[in-house]
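>>> pasting the sequence and the predicted model now:
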Amino acid sequence: MEVIMAKYGEIALKGLNRSNFEDLLVKNIKRRLKAVGDFEITRRQSTVYIKPLSENADIDEALKKVSRVFGIAAVQKSLVLPKDMDEIIKQGIPYLKDELEKAKSYKVEAKRSDKSFPLTSPQIQQALGDAITDAFPDLPVDVHEPDMTVLVEIRDKGAYVNARKIPAVGGMPVGSNGNGLVLLSGGIDSPVAAYMMAKRGLKVDAVHFQSPPYTSERALLKVESLCEKLTEYCGDIRFYCVPFTEIQEALRDNCDGDYFTVIMRRLMLKIANTLCDKGSYGALITGESVGQVASQTLAAINCTDRAAEYPVLRPLVGMDKKEIVEIARKIDTFETSILPYEDCCTVFTPKHPRTKPRVKDVIAEEEKFDFAPLIEKAINGITITDFKIGGERRVVEK
C-alpha cells in the first residue's frame, strides 16, 4: 500500500496547544483534497498520513496539493510494509527500482521510532544497503552527498520506505494566527505579500480599488485571476472590490498633485479600516518595500500609517525586487501580475511626488476636501466575491 507522509513544520515545536494547530492543519488538508478523491487522513508522530481509499484517489495530484499547505515542511510517497526486514528488502527494492535506476549514487538512512524492532538503525541501513548493492552493482554508495537517499522509517503502524522527500511550503496552518486583509493592486508585490502572511498562519482576504473608466474590465479580471491562483496556497479568499473613481477625481481636483499618491493611500486605508471593523480582520497587509517607489519612503509610509486603525503588515519591506519576483514565479502569479492592464495606483500619478512628505502637510492637503461622503458611498458600493479552493467563484449578497 502506498501513502503520502506529510511532515510537520513549526507545529512540531509547539507546546500544550499543539493539538489545536494539528487539528487545523488536518482540516486544511482535507479541504484541499476534496477534489482529487477519497483519502483517509490521520496524524501521529509529527506526521500526517494520507491514505487513498478508492481508485479515483489521485495520489500524485494529492501530493502536489499537500506540498502547498502551510504547516507542512516536506512530503513524500511511501510504501507501507510489515515491520520485517526480509519484507522490507523483498518489496522495498522493486518499489524503488525506477528511482534507483536513475540515481548516480545513493545512501540508506534509517529511523527507528519503534524501539521494539529487533535491528538498530545502523543494522537496518547495512542490511538494505547490501541488498541494493547486490541488485544494482553499478550504483555507488555516497554517504556524504548522495544523489538519492533511501529512507526507511520503523514506526508504530509499520515500516515506511521511500526515496524522494519533496520540500513543502512550511510555515503555520492558515487560520491559526487570525485574519488579515491584503490591499491587492494587481501588481507583482501584493500577491506575494498575501502569500507570505498566509504562510505565517493568517487567513487572508483581499480588497481591490477599481477606477473605471480609467481602469479597464481586464484589469479587474487580472486581479480576480490572482485571487484564484492564491487560493492554491491561502485557501478561500473573500474579495472586496471598491469603486474608487469619484474619490480619485475629487483628490485630483482639490489637492496638490504632488501629494496625490500618499493621500490616495490614506483614503484606501480609511476604507480598509471599515472593512476590518465589519469583517473582524486583525491587520492590513500591503506589498510595500522600503524605497521601491516614491510612496514607499519612510516619510511616506509614516504619513499613510497615520490613517490606519489596525496594524499594517509589510512582509516584503526589506526585500528587493529580484527576491519578490522569485517568489511570484514560484507561486505562479508573476505572469498574471505583469499583464499590461493599469490599476488605480497608476491613475493620475504625479510627475514629481513628494518623497519626504510631512504628516501635517499631508493632512492639511487632505482636509481641503471633505472625502467622508465619498468614502461612505464607496463602501456602500462594494461588491463581494468569494473565491473557493478548486476554482469555484461565488458572488456574495451584501
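Sure, I can see it.

>>> average pLDDT across stretch 328-348?
Throughout stretch 328-348, pLDDT has a mean value of 86.

>>> how about stretch 25-43?
For stretch 25-43, the per-residue pLDDT averages 93.

>>> cool, and stretch 203-217?
94.

>>> buried set for that stretch?
Neighbour-count burial for stretch 203-217, counted by 16 or more other CB atoms under 10 Å, picks out Lys203, Val204, Asp205, Ala206, Val207, His208, Phe209, Gln210, Ser211, Tyr214, Thr215. C-betas here are computed from N, CA, C, even on glycine.

>>> out of these, flag the one nearest to Phe239.
Nearest to Phe239 among these: Ala206, at 5.1 Å, using CB to CB.

>>> parallel or antiparallel, list what pairs with the top strand by length along the chain.
Taking DSSP state E as the criterion, the chain has its longest strand at strand 72-81. Within its sheet, and counting by DSSP bridges, strand 72-81 is paired with strand 2-8 (antiparallel), strand 158-162 (antiparallel), strand 166-170 (antiparallel).

>>> with just CA atoms, put the first one into PDB.
This means strand 2-8. Output of strand 2-8 as PDB, limited to C-alpha atoms (Å, rounded to 0.1, in the frame of the first residue of the first chain):
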ATOM      1  CA  GLU A   2       1.300   3.500  -0.900                       C
ATOM      2  CA  VAL A   3       0.500   6.500   1.300                       C
ATOM      3  CA  ILE A   4       1.600  10.100   1.500                       C
ATOM      4  CA  MET A   5       3.600  11.200   4.600                       C
ATOM      5  CA  ALA A   6       3.400  14.900   5.300                       C
ATOM      6  CA  LYS A   7       6.000  16.000   7.900                       C
ATOM      7  CA  TYR A   8       5.200  18.900  10.200                       C
END
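
>>> quick one: distance of it to the chain centre.
Counting by CA atoms, centre = their mean, to the nearest Å, strand 2-8 is centred 20 Å from the centre of its parent chain.

>>> same check on stretch 224-243?
The answer for stretch 224-243 is 12 Å, by CA atoms, centre = their mean.

>>> what of stretch 205-218?
23 Å.

>>> and the contacts of it?
179-186, 194, 219-220, 223, 227, 230, 237-245, 248, 268, 271-272, 275, 279, 281, 339, 341-345, 347-348 (CB atoms under 8 Å, 6 or more residues apart in numbering).

>>> for that stretch, measure first residue to last.
One end of stretch 205-218 to the other measures 21 Å (CA to CA, to the nearest Å).

>>> restricted to buried residues, select the contacts of stretch 205-218 in ChimeraX.
With 16+ other CB under 10 Å as the criterion, this ChimeraX line picks the buried residues out of the contacts of stretch 205-218:
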select :179,180,181,182,183,184,185,186,194,219,220,223,227,230,237,238,239,240,241,242,243,244,245,248,268,271,272,275,281,341,343,344,345,347,348
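
>>> picking up where we left off before, got the strands paired with strand 72-81 as CSV, with mean neighbour count, distance to Arg18 and mean pLDDT columns?
Converted to CSV, the strands paired with strand 72-81 look like this (neighbours: other CB atoms under 10 Å; distance: least, CB to CB, whole Å; pLDDT from 0 to 100):
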stretch, mean neighbour count, distance to Arg18, mean pLDDT
strand 2-8, 21, 9, 93
strand 158-162, 22, 22, 93
strand 166-170, 16, 16, 94
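
>>> would you reformat the ones you listed as JSON lines and include distance to Ala198?
Compiled in JSON lines, the strands paired with strand 72-81 are given as follows (distance: least, CB to CB, whole Å):
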{"stretch": "strand 2-8", "distance to Ala198": "17"}
{"stretch": "strand 158-162", "distance to Ala198": "28"}
{"stretch": "strand 166-170", "distance to Ala198": "9"}
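
>>> and the strands in the stretch 51-200 of the chain?
Using DSSP state E, counting those that start in this stretch, the strands found in the stretch 51-200 of the chain span residues 72-81, 106-112, 148-155, 158-162, 166-170, 179-183.

>>> what's the distance between the residue nearest to Ser67 when sequence neighbours are not counted and Phe117?
Of all residues beyond its chain neighbours, the one nearest Ser67 is Ala168 (4.3 Å), with distances taken as CB to CB, 6 or more residues apart in numbering. Separation of Ala168 from Phe117 (CB to CB, to the nearest Å) stands at 28 Å.

>>> ok, now which ones touch the nearest residue to Ala194 once chain neighbours are set aside?
Leaving out its chain neighbours, the residue that sits closest to Ala194 by CB to CB, 6+ apart is Val182, at 4.3 Å. Residues near Val182 by CB under 8 Å, 6+ apart: Ser190, Ala193, Ala194, Met197, Val204, Asp205, Ala206, Val207, Leu284, Ile285, Thr286, Gly287.
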